[in-house]
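Q: just need the structure, nothing else, for what follows:
(one chain, ligands or ions: 1)
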Amino acid sequence: MRPLLAAPICPSCLFTTNARNLLLSARHQRPSPWVTQRLYSRHDKPTRNSRMVLSTRVSYGPGGEAHRRSERPPRSQAGPFGGMNRTSAPVLRGDARISSRLRGPGSAGSSRGDSRESRGDDRRVKAMKMQGSLATIPYGQRARTKEEINDIDSFDKFDLLPEIKEAMSQDVLKGMVNIKPTPVQRLAIPALLGSGTRRRSRTAAKDASERQEFLLAAETGSGKTLAYLLPVINALKQAEAVDPAIAEHKEAYTKQWLAMREPGYTGPRELPPHPTMARPKVIVLVPTAELVEQVGKVSKALSHEVKFKISMYSANISAKVIKANMYSPKGIDMVVATPHLLSSMAESDPFILSRVTHLVIDEADSLFDRGFSPVTTAILDRALPTLKQLILCSATIPQRLERLCSNEFPDMIRITTPNLHAIPRRVQLGVIDVSKEPYRDDKDLACADAIWTIGKDAAQAQSSAGPEGDDTRHIIVFVNERERTQEVAQYLQSKGINAVALHRDTPEQRQSEMLESFTRAEYPSPSPEASEDDAGEKPKRYEPSKTMHIPPPGKGRRTLDNTRVIVATDLASRGIDTLAVRHVILYDVPHNTIDFIHRLGRAGRMGRRGRGVVLVGKQDRRDIVAEVRQSMFMGQALI
Ligand SMILES: Nc1ncnc2c1ncn2[C@@H]1O[C@H](COP(=O)(O)OP(=O)(O)OP(=O)(O)O)[C@@H](O)[C@H]1O
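A: The predicted structure is shown next:
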């Protein structure tokens, strides 16, 4: 087999030509020169760096690309049944008529009558639009999806194996009562199980043995991990039950084991290795060691009851342990890994990816970004021939990912939730104008003061709650540049705050230790659909004041004991389930709305309340902050 990293990489999407050729050969049995030329020419087009630009077409139905290619007119949305059987929102098909009709808030139903409203809205979102980060999905489409999933109020409605349902409630969501599937779980579980209605006719007509591709896009902290894990593990167990190699092994194993127990047995004393030894069926790729641990933990919790073998591979785990797990004669069903580690393992033993049936690429926007794309696609390359399901998962869809999906996976089924790209109303965003008194353009001082304010409020709440209440506040401060993490953390320490810096150069083991207390739930999760009133204790509003809360030098104790602060770059903003975090401070105004979503998404997870505080200096884009706040206030998706 050709070494993968040596394969030419498409300059536009960094998709190796290996993967593209495999896709071509799978889809077009005899790839015509025209198809190949077309595909390549599209790839070879120079594109602007869109790393931080969210797609305007996330809600394309699978085949949105196909529509364009065949010059078929877009399906009409008129009439009461216009939106039926769609698999995703028909937005911004590049057709000005459609986009102006469907785009933006208040566009549900879309009419000329809305034009004044949308003009007003256009003005409101001018700065965000200029950045062109986020997709818009018509509110009519969102409402329809909401209605569609309204009735699915229990996991019993899914065609999952009983032991999976049991493991989920007993082990994964232990201690929770009245567990209901979240919107992304309601949409994705039936679709991945093959029992949902979200399949377009062409896909439904496909041979059952053909590969299916899914894109799961849902807001942060909305339970995407279980949305893909449950159906994938279900498929793993179903396949295992009818696998002749496994049945054969079971028989041979029992025979040998019984023989070895016989008195006077002199034959070989080795049990036959399991057919899955070094041949996992399920691979979950995540960008960081911390996420390997997080997703691995959930999978492990499921495995006790469901009985499957799962291993985690990241820089946090020793090479010896990784090797022992992969080549264990007991076999291995599932691997959760970072792409770099798995890819280098596959370099030395390409067969470890030769029987993969399910490949999940979590945080797909990161894993198809420039830094990760070559290794991610190298793994995809190797796994494609045997894949039954490819699942990309993300809270945000940048244009780059959207292009890759449209170009390389035109049959991909898009699953988008009603609140995609919206920051929940439970999370409020306060603004501190650093240029004003008492900070006088000193962001460090404003940041320290904000933390002292949060700490003092917590102490007050503690004294009224009595000694039982836990008053520790976990706060994440996000900066844009890695170099600033250390500087800001040191400044905060000088002001008596328990702060540490977290960035890519922090050893992975240390990162996990630092994040540990941030990921422990400090209070039980409310229902995923918690209303504003029952979404937990309301974090106190940050009221800018002319007087600072940091005690002046020389006045009493100057340490703030009830707060833990991590100063981080984007590293801590992706996927980490920071259940204990109620406050996020945006030290720098994020570069784009994608970063706003991920950073604020560390607070207010799964129905909880949260508060963001953004520090705005003279140089910062106040217009963007104002628009984000406005959109959040109105409960609208960012663009
Ligand atoms: N149905 C449910 N009911 C209550 N809690 C749930 C449910 N499903 C998942 N959770 C919990 O919600 C939390 C967030 O889930 P998860 O980490 O999967 O979110 P996510 O959508 O992947 O977020 P992100 O986009 O930030 O990665 C976890 O602690 C998980 O245990």
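Q: when you work out contacts or count neighbours from here on, use the C-alpha atoms and nothing else.
A: Will do.
Q: low-confidence stretches in the stretch 451-600 of the chain?
A: 462-470, 521-547, 553-557 (pLDDT under 70).
Q: mind telling me which residue of it is nearest the ligand?
A: For the stretch 451-600 of the chain, the residue closest to the ligand is residue 575, as judged by C-alpha to the nearest ligand atom, at 3.1 Å.
Q: that residue and residue 340, how far apart?
A: Computed as C-alpha to C-alpha, to the nearest Å, the residue 575 to residue 340 distance reads 18 Å.
Q: repeat that for residue 590.
A: 27 Å.
Q: helix or strand: which one has residue 567?
A: strand 560-568 (DSSP states H and E).
Q: what residues of that strand count as buried?
A: Within strand 560-568, the residues that count as buried by 16 or more other C-alpha atoms under 10 Å are 560, 562-568.
Q: these into JSON lines, with extra columns for distance to residue 517?
A: As requested, those are arranged in JSON lines below (distance: C-alpha to C-alpha, whole Å):
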{"residue": "560", "distance to residue 517": "17"}
{"residue": "562", "distance to residue 517": "13"}
{"residue": "563", "distance to residue 517": "11"}
{"residue": "564", "distance to residue 517": "9"}
{"residue": "565", "distance to residue 517": "11"}
{"residue": "566", "distance to residue 517": "11"}
{"residue": "567", "distance to residue 517": "15"}
{"residue": "568", "distance to residue 517": "15"}
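Q: same list, these, but as CSV with distance to the ligand please.
A: Putting these into CSV (distance: C-alpha to the nearest ligand atom, whole Å) gives the following:
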residue, distance to the ligand
560, 28
562, 23
563, 22
564, 20
565, 19
566, 17
567, 18
568, 16
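Q: quick one, helices of the stretch 501-639 of the chain?
A: 508-516, 593-600, 622-633 (DSSP state H, counting those that start in this stretch).
Q: closest residue of the stretch 301-450 of the chain to the ligand?
A: residue 395 (4.8 Å).
Q: sorry, slip of the keys, the one I care about is the stretch 1-150 of the chain.
A: For the stretch 1-150 of the chain, C-alpha to the nearest ligand atom, closest residue to the ligand: residue 149, 13.7 Å.
Q: please name the residues that touch that residue.
A: By C-alpha atoms under 8 Å, 6 or more residues apart in numbering, the contact list for residue 149 reads 183, 186-187.
Q: just those residues: which are in helices?
A: 183, 186-187 (DSSP state H).
Q: got a winner among those residues for most neighbours?
A: residue 183 (26 neighbours; other C-alpha atoms under 10 Å).
Q: do you know how far that residue is from residue 169?
A: Applying C-alpha to C-alpha to residue 183 and residue 169 gives a distance of 17 Å.
Q: can you map out the strands along the stretch 301-450 of the chain?
A: 310-313, 334-337, 358-361, 389-394, 413-416, 427-433 (DSSP state E, counting those that start in this stretch).
Q: then the stretch 151-300 of the chain?
A: 212-217, 282-285.
Q: could I get those as a markdown table with distance to residue 384, mean neighbour count and mean pLDDT?
A: Shown next, in a markdown table, are those (distance: least, C-alpha to C-alpha, whole Å; neighbours: other C-alpha atoms under 10 Å; pLDDT from 0 to 100):
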| stretch | distance to residue 384 | mean neighbour count | mean pLDDT |
| --- | --- | --- | --- |
| strand 212-217 | 11 | 23 | 95 |
| strand 282-285 | 12 | 25 | 98 |
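Q: pretty sure the residue of the stretch 301-450 of the chain closest to the ligand is touching residue 222, no?
A: No: applying C-alpha atoms under 8 Å as the test, residue 395 and residue 222 come out as separate, 9.1 Å apart.
Q: any regions of the stretch 101-250 of the chain where pLDDT drops low?
A: Using pLDDT under 70, the flagged stretches of the stretch 101-250 of the chain are 101-137, 196-209.
Q: so which residues on it come close to the ligand?
A: 173, 179-182, 219-226 (C-alpha under 6 Å from any ligand atom).
Q: now those residues: which count as buried?
A: Applying 16+ other C-alpha under 10 Å to these flags 179-182, 219-226 as buried.
Q: can you name every helix or strand that the strand holding residue 567 contacts?
A: Where contact means 3 or more C-alpha pairs under 8 Å, 6 or more residues apart in numbering; DSSP states H and E, strand 560-568 is packed against helix 443-465, strand 473-478, helix 482-494, strand 497-502.
Q: most tightly packed of the ones you listed?
A: strand 473-478 (a mean of 27; mean count of other C-alpha atoms under 10 Å).
Q: contacts only, for residue 596.
A: residue 590.
Q: for the protein, what lies in contact range of the ligand?
A: Checking the chain against the ligand by C-alpha under 6 Å from any ligand atom, the hits are 173, 179-182, 219-226, 395, 528, 575-577, 606.
Q: switch the strands of the stretch 301-450 of the chain over to JSON lines; also include distance to residue 291 and mean pLDDT.
A: Listed next are those as JSON lines, based on distance: least, C-alpha to C-alpha, whole Å; pLDDT from 0 to 100:
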{"stretch": "strand 310-313", "distance to residue 291": "10", "mean pLDDT": "95"}
{"stretch": "strand 334-337", "distance to residue 291": "9", "mean pLDDT": "97"}
{"stretch": "strand 358-361", "distance to residue 291": "12", "mean pLDDT": "98"}
{"stretch": "strand 389-394", "distance to residue 291": "13", "mean pLDDT": "96"}
{"stretch": "strand 413-416", "distance to residue 291": "22", "mean pLDDT": "90"}
{"stretch": "strand 427-433", "distance to residue 291": "23", "mean pLDDT": "91"}
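Q: could you export those as TSV, including mean neighbour count?
A: Shown next, in TSV, are those (neighbours: other C-alpha atoms under 10 Å):
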stretch	mean neighbour count
strand 310-313	24
strand 334-337	26
strand 358-361	24
strand 389-394	23
strand 413-416	26
strand 427-433	21
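Q: reformat those strands as JSON lines; add distance to residue 247.
A: As requested, the strands of the stretch 301-450 of the chain are exported to JSON lines (distance: least, C-alpha to C-alpha, whole Å):
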{"stretch": "strand 310-313", "distance to residue 247": "20"}
{"stretch": "strand 334-337", "distance to residue 247": "19"}
{"stretch": "strand 358-361", "distance to residue 247": "21"}
{"stretch": "strand 389-394", "distance to residue 247": "24"}
{"stretch": "strand 413-416", "distance to residue 247": "34"}
{"stretch": "strand 427-433", "distance to residue 247": "52"}
